[in-house]
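Novice: Fold the following, please.
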Amino acid sequence: MGGKVPVKYELNNLLDIVGHNENLSIIERDSRSLGYALGLNMLKILIERGEFVWLVLFEPLSVFRTNLKTVGLHLEELLQRGNFYIFDIYGSVAKIKRNLPHIYQVRGDITGIGFVVKYMEVASSALLETLRNLGVEEIKRVWTLGFLDSSIGRFFDNPVEIYKRMWLLKYSPRIRPPIKDIRSIIIYNSAEFPRLESFIYDISDYVLESFVVGEDELKHLIVVSKSKKPELDNLVLEYLFGGGENID
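Specialist: Below you'll find the predicted structure:
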């Protein structure tokens, strides 16, 4: 860590560095480093603020439901709020039907590039449905979240190309006109699918890398390895999850 002393930084402030149409990635360098938990806590803040969230889910819904409980969130309650939506990739591949609102899937063969077309149709349909339900013509801001793990390599014939194309749909004219501001958070374990790292790093405005140091008493650290704000570049942050509210 270059001998730098970790500094205190509240999670709300860390989330607020992401500006208009910007992208933040959290790269886990160690499975013990709690990058996933950091992403969950950011999700909790966004939900509590009333932000619109579109979550791309690669893991089983049951696993995600359990993980949400660690930060005091309950899946069924979230899905009733009207500002939280899930695109269920795992359920689509496994052909598991969901009897819950605001969970979207695609049907048929989704292992090839054709999946991207189907994803575009689902995202566009979900957006139109939301606009109708709200009685508005545009949404000020949407946050997209993706918790990436090794599943992406198992689901698709060409996972890197498919993920790149999925990401670029954020800039599609079918999505952008009704949404003025799309901010994104990617949570990614570098050991589980290393082939995606260079792409994720390139498209991110901010990259937070999570580590653990120590033996008997572990310290969880974040290094800001990429930033558009010079004052944050290479900053080292130490954090604790005693309820998931702050990074200390």
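Novice: can you map out the strands along this structure?
Specialist: Secondary structure of the chain (DSSP state E): strands at 23-28, 52-57, 84-88, 103-104, 142-148, 182-189, 206-213, 219-226, 236-239.
Novice: Using CSV, lay out those together with mean neighbour count, distance to E161 and mean pLDDT.
Specialist: (C-beta placed from N, C-alpha, C; glycine too.) Output for these, formatted as CSV (neighbours: other CB atoms under 10 Å; distance: least, CB to CB, whole Å; pLDDT from 0 to 100):
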stretch, mean neighbour count, distance to E161, mean pLDDT
strand 23-28, 24, 19, 92
strand 52-57, 21, 16, 93
strand 84-88, 23, 18, 93
strand 103-104, 18, 22, 94
strand 142-148, 22, 15, 88
strand 182-189, 23, 17, 91
strand 206-213, 20, 22, 88
strand 219-226, 19, 23, 85
strand 236-239, 19, 34, 78
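Novice: who's in contact with N133?
Specialist: G82 (CB atoms under 8 Å, 6 or more residues apart in numbering).
Novice: Can you tell me how far it is from I175?
Specialist: Noted for N133: a distance of 17 Å to I175, by CB to CB, to the nearest Å.
Novice: For the strands of the chain, give me JSON lines that also has distance to E129.
Specialist: Below are these laid out as JSON lines (distance: least, CB to CB, whole Å):
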{"stretch": "strand 23-28", "distance to E129": "25"}
{"stretch": "strand 52-57", "distance to E129": "12"}
{"stretch": "strand 84-88", "distance to E129": "9"}
{"stretch": "strand 103-104", "distance to E129": "9"}
{"stretch": "strand 142-148", "distance to E129": "14"}
{"stretch": "strand 182-189", "distance to E129": "17"}
{"stretch": "strand 206-213", "distance to E129": "31"}
{"stretch": "strand 219-226", "distance to E129": "35"}
{"stretch": "strand 236-239", "distance to E129": "37"}
